[in-house]
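Asks: here is a sequence together with a model predicted from it:
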Amino acid sequence: MSKRLLICGSRTWTDAARIHDELTLTCGRLGIREPAELTVIHGACPKGADKIADDWAKEAGAEIERWPADWNAFGKYAGPRRNEQMAQTRRRALPRLLGRRIARTADMIKRCIQHGITVQIVPMRGNK
């Protein structure tokens, strides 16, 4: 069974090296020797932290679980709805919340805590 890592962060993030370094360090902390032992979970945003994490996972050979928000069907509620669905899976996941505390990231923190998922916040300084 692979270890699951939930990534949540700003769509304005561009510091791929910082996020890649954090993902690599996290693998070490979790005792993951082969990235194939890891499933990277994210909200499928085509830019920012989700995209950078997705690129890292593809390059490393990790499994990827994407949870895109359905903006057409749910409008401004699509992001929080998607966050709730990710949190409801209650699968073993260690969220790595990247970026400043913006509303969407704070929403994911709240939902993980409500569902009993341990949250670890990784401060991302010096970027949008």
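Replies: That came through, no problem. Numbers count the residues shown, from 1 in each chain.
Asks: C-alpha from now on. contacts and neighbour counts both.
Replies: Fine.
Asks: remind me which residues of the protein are low pLDDT?
Replies: For the chain, applying pLDDT under 70 flags the ranges 1, 90-103, 124-128.
Asks: please report how far residue 15 lies from residue 118.
Replies: Applying Cα to Cα, to the nearest Å, the value for residue 15 to residue 118 is 25 Å.
Asks: residue 11 now?
Replies: For residue 11, the distance to residue 118 equals 23 Å [Cα to Cα].
Asks: so which of the two has more stuff around it?
Replies: Neighbours per residue (other Cα atoms under 10 Å) separate residue 11 from residue 118, with residue 11 holding more: 17 against 14.
Asks: which stretches of the protein form helices?
Replies: Along the chain, counting by DSSP state H, helices occupy 16-29, 48-60, 71-74, 78-88, 103-114.
Asks: okay, now residue 121: neighbour count?
Replies: Using other Cα under 10 Å, residue 121 has 15 neighbouring residues.
Asks: if you could redo that for residue 72, that was the one I meant.
Replies: Look at residue 72: counted by other Cα under 10 Å, it has 8 neighbours.
Asks: kindly report the same for residue 62.
Replies: Residue 62: 18 neighbours (other Cα under 10 Å).
Asks: before we move on, the earlier item: so which of the helices of the chain is the most surrounded?
Replies: Greatest average neighbour count among these goes to helix 48-60 (a mean of 20), per mean count of other Cα atoms under 10 Å.
Asks: send the alpha carbons of it over as PDB?
Replies: Extracted as PDB, the C-alpha positions of helix 48-60 are listed here (Å, rounded to 0.1, in the frame of the first residue of the first chain):
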ATOM      1  CA  GLY A  48       0.700  26.700  -9.100                       C
ATOM      2  CA  ALA A  49       1.400  24.200  -6.300                       C
ATOM      3  CA  ASP A  50      -0.900  21.500  -7.800                       C
ATOM      4  CA  LYS A  51       0.800  21.600 -11.200                       C
ATOM      5  CA  ILE A  52       4.300  21.700  -9.700                       C
ATOM      6  CA  ALA A  53       3.500  18.700  -7.500                       C
ATOM      7  CA  ASP A  54       2.000  16.900 -10.400                       C
ATOM      8  CA  ASP A  55       5.100  17.500 -12.500                       C
ATOM      9  CA  TRP A  56       7.300  16.300  -9.700                       C
ATOM     10  CA  ALA A  57       5.200  13.100  -9.200                       C
ATOM     11  CA  LYS A  58       5.300  12.300 -12.900                       C
ATOM     12  CA  GLU A  59       9.100  12.800 -13.100                       C
ATOM     13  CA  ALA A  60       9.700  10.800  -9.900                       C
END
